[in-house]
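Participant: following is a predicted model, sequence given first.
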Amino acid sequence: MIGALSLATIPAEDEALRPAIRRFLDEAMPSLPPEQRARSWMGFDAGFSRAMAAAGWLGLTLPKEYGGGGRGPFARYVVVEELLAAGAPVAAHWIADRQSGPLIHRFGTEAQRRFYLPRICRAEAFFCIGMSEPNTGSDLASVTTRAVREEGGWRLNGAKIWTTNAQHAHYMIALVRTSGTPQDRHKGLSQLIIDLHAPGVRIHPIRDLAGDAHFAEVVFEDVRLPDDALIGEEGSGWAQVNAELAFERSGPERVLSSAVLLDEWLRWLRGAVEAEGAATEAETALLGRLVAHLAVLRAMSVSVTGHLAQGESPVVEAALVKDLGTEFEQSIPALLTPLLAQPGRAVPGGLMRTLAYTAAMAPSFSLRGGTREILRGMIARGMGLR
Amino acid sequence: MDDLLARSAEELFARHADASQPAVLLEAVEEAGFLDALVPEAAGGIGLGPAEALPILLAAGRFAVRLPLGETMLARAALAAAGVAPPPGLIGLAEPWGTDAARLPPGPCPDWALWPEGEAAMLLPLAEAMPLTEASAPGGAVLRRPGGEGPRLPAAGLLVAGAWQEVAVMAGAMERILEDTLRHARDRQQFGRPVAAFQAVQQQLSVLTEDVFATRMAAQLASVAGSDGVAGLDARRVAAAKLRAGEAACRVAGIAHAVQGAMGITEEVALHRFTGRLQAARLRFGGEAYWAEWLGRQVLADDAPDTLGFVRAHLGPALPETSP
């Protein structure tokens, strides 16, 4: 059974990065309306990512010899927190910086590290993650995309879908079957790095309801990959994917997806207080309630980061933070909606557009990165129930 | 140190919490020095801060101790800070009820109360206080103000202090509820298998687990001291924790009772003692609605430009998070 999360604090040397990243944001972040900033880590701007790289903000957790910052998870935590709170368009480098880089560093060969990591740190290599398939969602072990050994490498066939940023990425790290059949479940899965410009790769962006195309379907037809496309051990794909998940599930992005909306509302409320004398009791109480939840979630997220910083893999704890965090993110537009529907109140358009975007996209918050039901199943297992 | 204190508190409460003799438990608690945990060493106490004393109250919640130990600990700390030597025995933090009555904690009546008198609180003996039977309820007896005068101290901070110890007790009680409910789910068989084997039950138990973890974290955040409240407690931290824990309590009690087949409403099954304690804790020292509005006003009036800024400045895991 997992034990209670204890209070962890962000080390002073990492906290010290905060003023610097804020200065960087003041100078380098494009001026965007709130409904654009609300895109958060779905907002794509390769130029902004390159500016971040030039200023040394990418690959913070990677060793210096590969062009990284040589820092720990808390350094990245501070930087990411500020980026998300500001609504910076971080999508281009997001996946590589968060998990592909650390994965290559952990499981890759020295040659792979030397090839990919400096490019990631320079924002020259953007990554996406190929997990879901047309017939594989939560049941990830049922993937059917298959790589077959052949002279000098692999031949890849199959398709991935809902792949964030595939149309902008240079590489995909995909979970594919390299032996056995889908009935073999977790056995026979491997991770391959796929050059998305290779012949036989077709990428079809998928539009979302807001008109953005942040994810895509990627089809592989006899794609030839070199030997060294394999990352880590052949057949260890499942274990490697799971090692990534603690990084993917416990970060500030699982708490702050609606932060721009919440802060736009706060800004407007403060203005309304000045103009009209007071916020309503309902508004004031909801603000207090959301801030209390945010404080507790953040402390939990920081605590899990403390475990990561000690080299542990707190997968169950991360699942717990993600489930609570995404519930919080989803509750923000749901709870703000009735308060913004007051007859006679002149609510600014930017706030309403931010609400519209966040409310419409909120269902995905608890879906991406592992569904609520899967996470709760993991927690139940962690508590010894299955 | 934390673990040692937690273990000794748990052993003590395990031995005495169920005793029909509150005096026996009180004597053991006095002997262990728990009631003086938050009193500075210079004033004859142990000199712990809230974070270090937290394990005592977690253990009290875990064993559903029916004495106002936390209130007495905080009353003694407040009295010591005002230079008043605390009397022996239990001290309740009385909550004003109308103008000349106050609500005391549920359970056996404490010997003393810090009684609200406008901006001040007065230490008064309760032996002669008359109950206002009509106003009393399982959540606490209402007493008329006893006659006489006693030492005065500022009342500011007592509400927050009371709320903090309720959060700690709730966190402890919830951990016990979680353990008992998990055990029940594994032991109880229906349809030929443990109810824990059903996915619908597992999902509920996961939600229960999440709320218990969140409450424990809320209690820890509230225990970060260094402010001007009783024992250094900070009102914003306690406000956030009381409302978060109160919300969790509601969900936790509902799921635990459901998974235990509502058998917890029988006298025999202990669950109701713990969920009853949660209910009492939600009712005392300001509920979720009170603290939500209070905290919301703080956020509106604060200099921090955004919610994360407010959390970092006032509700972070460390005090203070250094950069501006």
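Facilitator: Yep, that arrived. Numbering: from 1, shown residues only, chains lettered A, B, ... in the order given.
Participant: distance check, A:L297 against chain B.
Facilitator: Going from A:L297 to chain B by Cβ to the nearest Cβ, to the nearest Å gives 8 Å. All C-beta spots, glycine's among them, are computed from the backbone N, C-alpha and C.
Participant: that residue touches A:T326, doesn't it?
Facilitator: No: taking contacts as Cβ atoms under 8 Å, A:L297 lies outside contact range of A:T326: 10.1 Å.
Participant: for A:I374, which non-adjacent residue is closest in space?
Facilitator: A:S138 (5.1 Å; Cβ to Cβ, 6 or more residues apart in numbering or on different chains).
Participant: so what's the residue count around the one you found?
Facilitator: The burial count assigned to A:S138 is 12, neighbours taken as other Cβ atoms under 10 Å in any protein chain shown.
Participant: ranges for the strands of the chain?
Facilitator: Since you didn't name a chain, this refers to chain A. A:127-130, A:146-150, A:153-164, A:171-177, A:189-195, A:201-206, A:215-226, A:230-231 (DSSP state E).
Participant: hmm, no, I was thinking of chain B.
Facilitator: B:91-93, B:95-97, B:101-103, B:112-117, B:120-125, B:142-144, B:152-154, B:189-190, B:193-194.
Participant: could I get these as CSV with distance to B:G246 and mean neighbour count?
Facilitator: Below are the strands of chain B laid out as CSV (distance: least, Cβ to Cβ, whole Å; neighbours: other Cβ atoms under 10 Å in any protein chain shown):
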stretch, distance to B:G246, mean neighbour count
strand B:91-93, 17, 28
strand B:95-97, 16, 18
strand B:101-103, 17, 22
strand B:112-117, 22, 24
strand B:120-125, 24, 20
strand B:142-144, 21, 20
strand B:152-154, 26, 17
strand B:189-190, 32, 11
strand B:193-194, 31, 12
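Participant: which helix runs longest in chain A?
Facilitator: helix A:281-309 (DSSP state H).
Participant: A:L297 and A:T326: who's more crowded?
Facilitator: The residue with more neighbours, out of A:L297 and A:T326, is A:T326; 27 against 24, by other Cβ under 10 Å.
Participant: check contacts around the closest residue to chain B within the stretch 1-150 of chain A.
Facilitator: Residue of the stretch 1-150 of chain A nearest chain B, by Cβ to the nearest Cβ: A:T9 (3.8 Å). The contact partners of A:T9, taken as Cβ atoms under 8 Å, 6 or more residues apart in numbering or on different chains, are A:302, B:316-318.
Participant: which of the residues you listed sits closest to B:Q298?
Facilitator: The closest of the contacts of A:T9 to B:Q298 turns out to be B:G316 (Cβ to Cβ; 14.8 Å).
Participant: please report how far the closest one lies from chain A.
Facilitator: 7 Å.
Participant: surely that residue and A:V296 touch.
Facilitator: No: the pair B:G316 / A:V296 is not scored as a contact, 11.3 Å apart, by Cβ under 8 Å.
Participant: neighbour count: those two, which is higher?
Facilitator: Counting neighbours by other Cβ under 10 Å for B:G316 and for A:V296 shows that A:V296 has the greater number, 31 against 23.
Participant: what does the pLDDT read for the closest residue to A:V80 other than its chain neighbours?
Facilitator: What sits nearest to A:V80 in space, not counting adjacent residues and going by Cβ to Cβ, 6+ apart, is A:P252, at 5.3 Å. For A:P252, the model assigns a pLDDT of 93.
Participant: so which residues of chain A form helices?
Facilitator: Ranges of helices within chain A are A:12-15, A:17-28, A:34-37, A:46-54, A:73-86, A:91-95, A:101-107, A:110-121, A:237-249, A:259-276, A:281-309, A:315-339, A:349-361, A:372-382, based on DSSP H.
Participant: would you turn those into JSON lines with mean pLDDT?
Facilitator: Shown next, in JSON lines, are these (pLDDT from 0 to 100):
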{"stretch": "helix A:12-15", "mean pLDDT": "95"}
{"stretch": "helix A:17-28", "mean pLDDT": "97"}
{"stretch": "helix A:34-37", "mean pLDDT": "96"}
{"stretch": "helix A:46-54", "mean pLDDT": "98"}
{"stretch": "helix A:73-86", "mean pLDDT": "96"}
{"stretch": "helix A:91-95", "mean pLDDT": "96"}
{"stretch": "helix A:101-107", "mean pLDDT": "95"}
{"stretch": "helix A:110-121", "mean pLDDT": "98"}
{"stretch": "helix A:237-249", "mean pLDDT": "84"}
{"stretch": "helix A:259-276", "mean pLDDT": "92"}
{"stretch": "helix A:281-309", "mean pLDDT": "97"}
{"stretch": "helix A:315-339", "mean pLDDT": "96"}
{"stretch": "helix A:349-361", "mean pLDDT": "97"}
{"stretch": "helix A:372-382", "mean pLDDT": "95"}
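Participant: and those as CSV, adding distance to B:W294?
Facilitator: Formatted as CSV, these follow (distance: least, Cβ to Cβ, whole Å):
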stretch, distance to B:W294
helix A:12-15, 28
helix A:17-28, 28
helix A:34-37, 28
helix A:46-54, 40
helix A:73-86, 24
helix A:91-95, 38
helix A:101-107, 42
helix A:110-121, 46
helix A:237-249, 33
helix A:259-276, 16
helix A:281-309, 7
helix A:315-339, 18
helix A:349-361, 25
helix A:372-382, 32
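Participant: compare the ones you listed and give me the one nearest B:T99.
Facilitator: helix A:281-309 (24.6 Å).
Participant: return the set of buried residues in the closest one.
Facilitator: A:283-309 (16 or more other Cβ atoms under 10 Å in any protein chain shown).
Participant: and stretch A:266-276, by the same measure?
Facilitator: A:266-270, A:272-273.
Participant: chain B next: which of these are close?
Facilitator: With Cβ under 8 Å from any Cβ of the partner chain as the criterion, the members of those in contact with chain B are A:266-267, A:269-270, A:273.
Participant: gap between the nearest residue to A:H307 once chain neighbours are set aside and A:S303?
Facilitator: Nearest residue to A:H307, sequence neighbours excluded (Cβ to Cβ, 6+ apart): A:P314, at 4.1 Å. In this view, A:P314 and A:S303 are 9 Å apart by Cβ to Cβ, to the nearest Å.
Participant: same check, this time on A:A96
Facilitator: Counting by Cβ to Cβ, the separation of A:A96 from A:S303 is 26 Å.
Participant: also B:H314?
Facilitator: According to Cβ to Cβ, B:H314 and A:S303 sit 18 Å apart.
Participant: residues contacting the closest residue to A:R37 other than its chain neighbours?
Facilitator: Closest residue to A:R37 apart from its sequence neighbours, by Cβ to Cβ, 6+ apart: A:G87 at 2.5 Å. When contacts are counted by Cβ under 8 Å, 6+ apart, A:G87 touches A:32, A:34, A:36-40, A:43, A:259-260.
Participant: having no further points to raise, I will conclude here.
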